[in-house]
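Participant: Please find the sequence and the predicted model below.
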Amino acid sequence: MKLALETKGLAKTYLAGTPQEVQALKPTNLQFEVGKFYAVIGKSGSGKSTLLHLLGALDTPTAGEVWIGDENVYELNDRDRARLRRRRIGFVFQAYNLLMEHSVRENITLPVDLDGRDLDEEYFDKIVDSLDIRDQLHKYPMQLSGGEQQRVAIARALISRPNIVLADEPTGNLDTKNGEIVLDLLISTAKAFNQTVILVTHDLDIASRAERLIVIDNGFVSAEHQL
């Protein structure tokens, strides 16, 4: 079993030592295999997004470790952690988070541009074609539908050839039909490039598409199921 990501005793407490202390994530040990699709499910406030943000180095844990390959993410300095995040993790958010003043093409290539690397045009073409957004490349986000914007966001998440794609309620702002289309594209495209997908959702229908289901309740991983 080859691992893309592993957590060891990963935990997050907010307002520690105060009457308002909240254990958002209790010590958690998880393993994520290369190329598999995982769904993280739980009620609002259960700790799903906290876990995702810690996995993606968007927040700092109170305790524990996150390993991506042979690198302990939180032992890296800020610069190296940012570099790892740009190159090895792709993010897809519910709100798309596209830059409205930039074209679709510019939005997609942004991670590569920020990293100072040359764009692999062949890989770019494969992503754009697999997501069926070639005709939108010259447009701006405000000219696109919600479903099209989320496809652009997925392309941006994949452009750096990340090992891991983290998706936080990626279909939450879409109607059922477009949500299914976007989910299908996310799964199929990530599979084509052997990327591990970890998706947070409250939707049981979406979660049922995963190969493995992680259930979080009150900051604690209460169950883990092979689907």
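Facilitator: Cool, the structure landed. Numbers count the residues shown, from 1 in each chain.
Participant: Low-confidence bits of the protein, can you list those?
Facilitator: For the chain, applying pLDDT under 70 flags the ranges 227.
Participant: Counting by contacts, list what the longest helix anywhere in it packs against.
Facilitator: Across the chain, the longest stretch assigned as helix under DSSP state H is helix 176-192. Applying 3 or more CB pairs under 8 Å, 6 or more residues apart in numbering; DSSP states H and E, we find helix 176-192 packed against strand 37-41, helix 121-130, helix 146-158, strand 164-168, strand 196-201. (Glycine included, C-beta is placed from N, CA and C.)
Participant: Which element, helix or strand, includes Leu58?
Facilitator: If you go by DSSP states H and E, Leu58 is not part of any helix or strand.
Participant: ok, it - contacts?
Facilitator: Applying CB atoms under 8 Å, 6 or more residues apart in numbering, we find Leu58 in contact with Arg85.
Participant: Would you list the phi and psi of it?
Facilitator: phi -90, psi -10 (degrees, to the nearest 10).
Participant: Quick check: Met100 vs Arg134, distance?
Facilitator: Distance, Met100 to Arg134, by CB to CB, to the nearest Å: 21 Å.
Participant: likewise Phe32?
Facilitator: Distance, Phe32 to Arg134, using CB to CB: 31 Å.
Participant: one step back: with distance to Asp80 added, can I get the helices and strands packed on helix 176-192 in a markdown table?
Facilitator: Compiled in a markdown table, the helices and strands packed on helix 176-192 are given as follows (distance: least, CB to CB, whole Å):
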| stretch | distance to Asp80 |
| --- | --- |
| strand 37-41 | 26 |
| helix 121-130 | 24 |
| helix 146-158 | 21 |
| strand 164-168 | 17 |
| strand 196-201 | 21 |
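Participant: Indicate which one of the ones you listed is closest to Arg209.
Facilitator: Nearest to Arg209 among these is strand 37-41; the distance by CB to CB comes to 7.2 Å.
Participant: May I see the buried residues of that closest one?
Facilitator: Within strand 37-41, the residues scored as buried using 16 or more other CB atoms under 10 Å are 37-41.
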